[in-house]
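Participant: what's the 3D shape of this:
(one chain, ligands or ions: 1)
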Amino acid sequence: MLERNKIRLLSYERIENHLPYLKTLNSMQFKQILISGILIAMIASLSACYYDSEEFLYGVTTQECDTITVVTYSAHVSSILQKNCYACHSQGSNLGNLLLDSYTTARNAANNGSMMGSVNHKAGYSPMPQGAPKLSSCDIQSLQAWLDDGTPNN
Ligand code: HEC
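Facilitator: Predicted coordinates:
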């Protein structure tokens, strides 16, 4: 339907019949206008593509995250937590009375919603990691993927 309308619109004769001022242009001038319009639309859609890219939106390249096929507790989750959370949430510090340094404690924090709530800086949760920048989008996605998978001990 949309395609058909487009073709109808682009038909030179039809436009000329409906818009008398176009008759003052010769067919060459009209074609030039049409071609520049198409070029502008193409450039606009190309740049829209660029700004929609994941890198621009999330500050992380797809490649960076694409290397992870299956998120595992041992390879990904525990290292994200170790790097960003153990300083305060492991034996010895245990700030906020919360441990994240074992599979069971991390799973509990993931399953009760507090882990994703805090790393996503959601309202109602203390933003984590405290006093540090938000986790990278890839790290957040990895934690979420692990949760979506059912927090396996893999
Ligand atoms: C510099 C210390 C510090 C770091 C690093 C840190 N936290 Fe915390 N966290 C705290 C303190 C202190 C509390 C308790 C006070 C509070 O809730 O603000 C807390 C509380 C929490 C809570 C409970 C908050 C709630 O609203 O239910 C969660 C969940 C949490 N942290 C997760 C994390 C995760 C996940 C990381 C790593 C990505 C992390 N924290 C890194 C200090 C830290």
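
Participant: how about the residues of this structure near the ligand?
Facilitator: 84-85, 87-89, 95-96, 98, 100, 109, 114-115, 118-119, 125-126, 128-132, 135 (CB under 6 Å from any ligand atom). In short, each C-beta sits where N, CA and C put it, glycine included.

Participant: among those residues, which are in helices?
Facilitator: Members of the residues of the chain next to the ligand lying in helices (criterion: DSSP state H): 84, 109, 114-115, 118-119.

Participant: Pick out the most distant pair among these.
Facilitator: Spatial extent of these (CB to CB) is set by the pair 84 and 114 at 15.0 Å.

Participant: what are the ranges of the helices in this protein?
Facilitator: So, for the chain - with DSSP H - the helices run 2-10, 12-18, 27-52, 54-58, 62-66, 78-84, 103-111, 114-119, 137-148.

Participant: among the ones you listed, which gets the worst mean confidence?
Facilitator: Set side by side, these give their lowest mean pLDDT on helix 54-58, at a mean of 46.

Participant: Was I right to think residue 111 contacts residue 147?
Facilitator: Yes. Using CB atoms under 8 Å, residue 111 makes contact with residue 147 at a distance of 7.5 Å.

Participant: More neighbours: which of those two?
Facilitator: Using other CB atoms under 10 Å, the more surrounded residue of residue 111 and residue 147 is residue 147, with 17 against 12.

Participant: Without its sequence neighbours, what residue ends up closest to the more buried one?
Facilitator: Nearest non-adjacent residue to residue 147, counting by CB to CB, 6 or more residues apart in numbering: residue 110, 4.8 Å away.

Participant: Isn't that neighbour up against residue 145?
Facilitator: No. Checked against CB under 8 Å, the pair residue 110 and residue 145 is beyond contact range at 11.0 Å.
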